[in-house]
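Q: Give me coordinates for this.
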Amino acid sequence: MKKVNSNSRRDFMKFLGLGSLATVVPTVSSAETIPHVVVVGGGFAGATCAKYLKMWGGSSIDVTVIEANSTYVSPILSNLVLNGQKTTSDLSFTYGSYSSKYGINMVHSTVNAVDKTNQTLTLANGNTVNYDKLVLAPGIDFMKTNDYDISKVPHAWKAGEQTNLLKAQIDAMNDGDTFTMTIPAAPYRCPPGPYERACVVADYLKNTKGHTNSKVVVLDANAKIIVEEETFGAKFSEYGVEYKPSTTVTNVDDTSKTVTYIEAGSSKTLASTVLNVIPNQKAASVIFTAGVNSGNWAPINPLSYESVLASGIYVIGDSQATGQPKAGHIGNSEAKVCADAILRTLSGTALYASPKTNSACYSPTSATEASWLTGVFKYDADTQTMVASNTAAGASSTANYPKMFNWSGNLFADTFA
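A: As a prediction, this is how the structure comes out:
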């Protein structure tokens, strides 16, 4: 069996805090079956995990990715579709060259059932897939307040068609119209995302469309701006964004474009021209199908991302319950720790005892400015949790704007290229 002992892997291990490289690739005799790892989800976490399993494991491991869509549209930078700086095509990635380059088997379907005893998945296309290790990286799902039509009240929190729907509604706004956005209670995907969206839309209406009377209203389920408070607070003041914290959405009417919410104990109703409701979130449905959830999220061992409720099943990305942010960059980082842990486990090698992950992002605040935020998470053996350290942030500036595209380009390439 092929063993990997490359400088590239050693460099990544150092970046992730995984130390020097041991021989972690499973040694499988020719008479034995090659271990089969199945990854459910082809986003930043899932695609990265599958890629690095093959980069580091080579021919000693088989990898299959089960992903419903043949094209993945990145949520990262998708708010720039709303102001015309990007298109969804710019943010779209297919899997053909990715699959052939790394020898990854792609299956475009969804999982209907997980048989943990026999280690078998039943897919919506009628096929079954056996696994030795199962990695779940399905992202998030929504908890809507009521059954409204998301084609009329788009969330645009899963990029693609929803993003384009919201853009069309914003483009159709006239001066004096109101754009209202709701922010879900934490935790949710991409903590800075809603705040950056409010900034991008307010800037677009004021400085691109030339509106002097249009209004942007933000109803936040959280008690305050939960990330980059000073930066986004300053931009809200600059743009005249009407920000209402501690509001709980109770009903959405897609016909009248009204949202009913509780503020300071009182029920209020607000009508808008464009209503962008981002619902509260939970782990995607396959997490519940697999029975690896506790409440709305999936608890895992941070040393490996293996479920604490089912051996041989790993959860990375937005669905995990470590307290780390739910975002593409850290999902990519978690994926590498998970891939390393799986290879170590298959070879009978001890897990690395002090993994680290990195969360970084740039947030556009206009058509020319962006802010940034970064933090390292390291494993604390006493609490057996991931603890934030070395956090830093940079205020919104024009100098950060081109750096945002360098950062995202590197992340896109590391995940999908």
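
Q: tell me how far the ends of stretch 205-218 are from each other?
A: 15 Å (C-alpha to C-alpha, to the nearest Å).

Q: If you count neighbours, what's buried in that stretch?
A: 205-206, 211, 214-218 (16 or more other C-beta atoms under 10 Å). Where C-beta positions appear, they are placed from N, C-alpha and C, glycine not excepted.

Q: With adjacent residues omitted, what lies nearest to Gly331?
A: Ala45 (3.5 Å; C-beta to C-beta, 6 or more residues apart in numbering).

Q: show me the contacts for the one you found.
A: 137, 316-318, 328, 331-332, 334-335 (C-beta atoms under 8 Å, 6 or more residues apart in numbering).

Q: picking that back up, could you list which of the buried residues of stretch 205-218 belong to strands?
A: Among the buried residues of stretch 205-218, DSSP state E puts 215-218 in strands.

Q: could you redo those as a markdown table and give each row distance to Lys167 and pLDDT?
A: Converted to a markdown table, these look like this (distance: C-beta to C-beta, whole Å; pLDDT from 0 to 100):
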| residue | distance to Lys167 | pLDDT |
| --- | --- | --- |
| Lys215 | 19 | 98 |
| Val216 | 15 | 98 |
| Val217 | 19 | 98 |
| Val218 | 18 | 98 |
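
Q: Which one of those residues is nearest to Ser311?
A: Checking these against Ser311 by C-beta to C-beta gives Val218 as the nearest, at 43.4 Å.

Q: residues touching that closest one, list them.
A: Val218 touches 180-183, 194-195, 198, 236, 241-244, counting by C-beta under 8 Å, 6+ apart.

Q: got the domain boundaries for the protein?
A: 7-140+283-352, 144-282 (automatic domain parsing).

Q: Compare these and give me the one nearest Ser396.
A: Closest of the domains of the chain to Ser396 is domain 144-282, at 5.5 Å (criterion: C-beta to C-beta).

Q: what residue ranges in the stretch 151-300 of the chain score low on pLDDT?
A: Of all residues in the stretch 151-300 of the chain, none has pLDDT under 70.

Q: what ranges do the helices span in it?
A: Secondary structure of the stretch 151-300 of the chain (DSSP state H, counting those that start in this stretch): helices at 161-171, 193-203, 229-239, 285-289.

Q: any idea which of these is most buried?
A: Stretch with highest mean neighbour count among the helices of the stretch 151-300 of the chain: helix 193-203 (a mean of 26; mean count of other C-beta atoms under 10 Å).

Q: Run a quick neighbour tally on Ile226.
A: Close neighbours of Ile226, defined as other C-beta atoms under 10 Å, add up to 20.

Q: and if you look at Ser256?
A: Residues near Ser256, counting by other C-beta under 10 Å: 11.

Q: Ser272 is in contact with that one, correct?
A: No: here Ser256 does not reach Ser272: they are 9.5 Å apart, not a contact under C-beta atoms under 8 Å.

Q: Find the residue closest to Leu373 in space, skipping its chain neighbours.
A: Ala393 (4.7 Å).

Q: Can you say which helix or strand has the one you found in it?
A: Using DSSP states H and E, Ala393 sits in strand 385-397.

Q: buried residues in that strand?
A: Across strand 385-397, burial judged by 16+ other C-beta under 10 Å covers 386, 393-394, 396.
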